[in-house]
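Participant: What shape does this take:
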Amino acid sequence: MIDCSRTENYFAEKQRMTKKHKLNHGGYACKLNCADCPLSHLNNGSTMLCSDFERIYPEKAIKIVQKWSDEHPQKTYLSELLEHFPNISLDNNGTPNFCPYRLGLMSIDDCRNDGNCVMCWNQPIPIEDGEN
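Facilitator: Take a look at the predicted model:
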């Protein structure tokens, strides 16, 4: 579970939730319709726009994003592998007995140096445009 009370996690999950993307002119926009957004004035329990709601009620905004995050876990390399190969044998640490590097995954921490395959298998899969 991702802890949305940590600032970087909150904004990453909010971006994932709203499908926020960068515009050509440098600004940002949500791809999610306000009626479908838990932070929107239509769903946040107030009449405030999401930006005002976030600023005035940060704890409530965190709870909303946390709830959404818990209900929509991000895919990891391990969850994706298990979805396609549910009967693959796993070690005691809950991962396959081979490094994801062998499948072409380049870890941000280059796990070939420390052998921490659990960390690499549990990395979130980067989201492509148009995906959840």
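Participant: Can you give me the buried ones in the biggest helix by length in the chain?
Facilitator: Counting residues, the longest helix in the chain under DSSP state H turns out to be helix 58-71. By neighbour count on 16 or more other C-beta atoms under 10 Å, the buried set for helix 58-71 is 61-62, 64-66, 68-69. For the C-beta atoms, the positions are set from N, CA and C on the backbone; glycine is no exception.
Participant: again, but for stretch 92-106
Facilitator: Applying 16+ other C-beta under 10 Å to stretch 92-106 flags 95-96, 99-100 as buried.
Participant: And what about the spatially most central residue of the chain, helix, strand or coil?
Facilitator: Nearest to the mean C-alpha position of the chain, by C-alpha atoms, centre = their mean, lies Gln74 at 4.5 Å. Under the three-state scheme (DSSP: H, G, I helix; E, B strand; the rest coil), Gln74 adopts coil.
Participant: So for it, what pLDDT did the model give?
Facilitator: The model reports Gln74 with a pLDDT of 86.
Participant: And for Gly115?
Facilitator: Gly115 is given a pLDDT of 60.
Participant: what do you get for the one 4 residues further on?
Facilitator: Looking at Met119, its pLDDT stands at 80.
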